[in-house]
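> fold the stuff below for me.
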Amino acid sequence: MSSEKVWPDITDDDLWLAVQADIEAQYPGRFTMEYVRDAFERTCDKYDDYVPLDRFMKKVRMVCLWERPLVPHKILFPEDFPDDEQEQS
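Coordinates of the predicted model:
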């Protein structure tokens, strides 16, 4: 992660894409993009000046995790759902 400074703006598509990639790399499949977008916008609202990119990304991850949705039982224990494996085959 770079220490370059970014202006946290909800209209910055490059920053949004970087956030999406970071969250998906850290927590693959854990959060919906709507949820990540909400965390991104709330994090942007907290800053009114340039901020280091790595600090901004850490803050978005913290917002996602602080109010994270529960992990569905189906993800935690896929062996309890053998029918889904047969349907996908």
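> check contacts around Met33.
By C-beta atoms under 8 Å, 6 or more residues apart in numbering, Met33 lies in contact with Gln20. Placement of C-beta: from N, CA and C, glycine included.
> how far away is it from Trp7?
According to C-beta to C-beta, to the nearest Å, Met33 and Trp7 sit 22 Å apart.
> please name the nearest non-neighbouring residue to the residue nearest the centre of the chain.
Closest to where the C-alpha atoms of the chain average out (C-alpha atoms, centre = their mean) is Ile23, at 3.6 Å. For Ile23, ignoring the flanking residues on the chain, the nearest one in space by C-beta to C-beta, 6 or more residues apart in numbering is Val36 at 5.1 Å.
> packing partners for the helix or strand hosting Asp14?
Per DSSP states H and E, Asp14 falls inside helix 13-26. Under the contact criterion of 3 or more C-beta pairs under 8 Å, 6 or more residues apart in numbering; DSSP states H and E, helix 13-26 touches helix 33-46, helix 53-66.
> now do the helix or strand just after the last one: distance to the chain's middle.
Read that as helix 53-66. Using DSSP H and E, the helix or strand that follows helix 53-66 in sequence is helix 73-76. Relative to the mean C-alpha coordinate of its chain, helix 73-76 is positioned 19 Å out (C-alpha atoms, centre = their mean, to the nearest Å).
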